[in-house]
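> Pasting a predicted model and its sequence here:
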Amino acid sequence: MISGPPLHEQAVAQEAKKFVVASVKQSSEERN
């Protein structure tokens, strides 16, 4: 097994996390 994901996978995960955080922020702002 490879130890740790490849760099591009780390970048993709980071972008996905940013997208999720932005979506959560947006939906919480819409609720208020």
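Okay, I see it.

> List the contacts of residue 21.
Residue 21 makes contact with no residue under the criterion CB atoms under 8 Å, 6 or more residues apart in numbering. In short, each C-beta sits where N, CA and C put it, glycine included.

> Residue 10 versus that one, what's the distance?
Counting by CB to CB, to the nearest Å, the gap from residue 21 to residue 10 is 16 Å.

> Can you give me the pLDDT of the residue nearest the centre of the chain?
The centre of the chain sits closest to residue 17, judged by CA atoms, centre = their mean, with a distance of 1.0 Å. The model reports residue 17 with a pLDDT of 96.

> What of residue 1?
On the pLDDT scale, residue 1 is placed at 55.

> Point out where the chain drops to low pLDDT.
1-5 (pLDDT under 70).

> let's see it at 80
For the chain, the stretches with pLDDT under 80 are 1-6, 31-32.

> quick revisit: now the residue nearest to the centre of the chain: how far from residue 32?
Applying CB to CB to residue 17 and residue 32 gives a distance of 23 Å.

> what ranges do the helices span in the chain?
Using DSSP state H, the helices of the chain run over residues 7-31.

> Spit out the contact partners of residue 28.
Counting by CB under 8 Å, 6+ apart, residue 28 has no contacts.

> for residue 23, what are its contacts?
Taking CB under 8 Å, 6+ apart as the definition, residue 23 has no contacts.

> Likewise for residue 30?
Counting by CB under 8 Å, 6+ apart, residue 30 makes contact with nothing.

> how much space between it and residue 23?
Using CB to CB, which is the criterion applied here, residue 30 is 11 Å from residue 23.

> what does residue 17 give?
11 Å.

> Please apply the same query to residue 14.
Residue 14 is 15 Å from residue 23, by CB to CB.

> tell me, how many neighbours does residue 26 end up with?
10 (other CB atoms under 10 Å).

> got it, and residue 19?
The number of residues packed around residue 19, counting by other CB under 10 Å, is 10.

> ok, now residue 22?
10.
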